[in-house]
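Trainee: structure for this input, please:
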Amino acid sequence: MISVGKISLIAIGSSTGGTEALARVLPKLEPPLPPIVIVQHIPAGFSKMFAERMNHESKITVKEGEHGEFIYPNYAYVAPGGLHMELVKHTDRLKIRCFMAPPVHSCRPAVDVLFKTVAKLVGDAALGVILTGIGHDGAAGLLEMKKKGSPTLGQDEATSVVYGMPKSAFECGAVDRQVPIDNMALAIMSEINKRS
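Mentor: A predicted model of the protein is given here:
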């Protein structure tokens with residue numbers, strides 16, 4: 001039996017259809033919540049506009065992630081378009097690192113880049129979520145998170161615009177439970193409450 005502690009971080013990955021999916025999740029999340037880090041495949045420039053839109057619609061603060069900033073509860077950080085985003089440990093706190101590097105799975109930002117650092121630094125205290133998108137970005141990183149003891153959720157096929165990323169994650173064994181998008185916020189909060 002893996003020992004489990006309180007959920008201290010939520011990591012979400014999405015691509016095609018993901019802005020609409022996130023718009024059906026983030027506004028339904030009720031604080032208090034741990035920090036949320038998000039990689040949505042999105043062009044440079046659009047990530048900030050998307051984060052601002054979500055901030056207006058949500059009960060938590062949603063912003064574009066900035067290199068070097070510490071992460072805080074009741075905040076969601078969207079990876080800037082055109083840059084990878086990962087977490088780094090500074091003393092006992094986590095902060096964001098945004099950087100230019102080759103695309104992963106033809107994507108920059110890539111979900112796997114973020115999820116793999118979450119698995120390494122947060123272990124079983126993270127919750128992983130994979131939403132609609134083309135391809136298989138995020139599957140390997142989500143599997144690493146699950147192997148560390150993180151609970152993991154994937155969007156179901158019926159509500160995915162493209163059932164690529166969640167399907168790849170489900171088929172490799174990285175997803176504990178598949179959830180319709182309109183139930184995802186409730187599923188996220190349920191997982192947090194299980195560990196509180």
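Trainee: report the contact partners of L29.
Mentor: L29 makes contacts with I36, S58, K59, I60, A185, I188, M189, as judged by Cβ atoms under 8 Å, 6 or more residues apart in numbering. C-betas here are computed from N, CA, C, even on glycine.
Trainee: can you give me the helices in this structure?
Mentor: Here the chain has its helices, by DSSP state H, at 18-23, 46-57, 111-122, 139-147, 165-171, 184-195.
Trainee: okay, those helices in TSV with mean neighbour count next?
Mentor: Putting those into TSV (neighbours: other Cβ atoms under 10 Å) gives the following:
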stretch	mean neighbour count
helix 18-23	21
helix 46-57	17
helix 111-122	24
helix 139-147	23
helix 165-171	24
helix 184-195	17
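Trainee: of these, give the one that comes closest to L153.
Mentor: L153 lies closest, by Cβ to Cβ, to one member of the helices of the chain: helix 184-195, at 5.5 Å.
Trainee: still on that earlier bit, out of the contacts of L29, who's nearest L143?
Mentor: Checking the contacts of L29 one by one against L143 (Cβ to Cβ), the nearest turns out to be I188, at 19.1 Å.
Trainee: am I right that that closest one is in contact with L9?
Mentor: No. Counting by Cβ atoms under 8 Å, I188 does not reach L9; the two are 11.9 Å apart.
Trainee: where in the protein is pLDDT low?
Mentor: For the chain, the stretches with pLDDT under 70 are 1-4.
Trainee: need the contact list for the residue nearest the centre of it.
Mentor: For the chain, the residue nearest the mean C-alpha position is I12 (1.3 Å; Cα atoms, centre = their mean). I12 sits next to L22, V25, I36, V37, I38, V39, G128, V129, I130, L131 when contact means Cβ under 8 Å, 6+ apart.
Trainee: export the helices of the chain to a markdown table and tack on distance to L87?
Mentor: As requested, these are exported to a markdown table (distance: least, Cβ to Cβ, whole Å):
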| stretch | distance to L87 |
| --- | --- |
| helix 18-23 | 19 |
| helix 46-57 | 17 |
| helix 111-122 | 5 |
| helix 139-147 | 12 |
| helix 165-171 | 20 |
| helix 184-195 | 19 |
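Trainee: among the ones you listed, which is nearest D156?
Mentor: Of all the helices of the chain, helix 165-171 comes closest under Cβ to Cβ, at 7.4 Å.
Trainee: which strands and helices lie in contact with the closest one?
Mentor: strand 126-130, helix 139-147, strand 152-155 (3 or more Cβ pairs under 8 Å, 6 or more residues apart in numbering; DSSP states H and E).
Trainee: F170: which of the contacts of I12 is nearest?
Mentor: Among the contacts of I12, and counting by Cβ to Cβ, the member closest to F170 is I130, at 8.5 Å.
Trainee: and that closest one, how many neighbours?
Mentor: 32 (other Cβ atoms under 10 Å).
Trainee: what is it paired to in the beta sheet?
Mentor: G13, G154 (DSSP bridges).
Trainee: quick check: it touching A139?
Mentor: Yes. At 7.5 Å, I130 counts as touching A139 under the criterion of Cβ under 8 Å.
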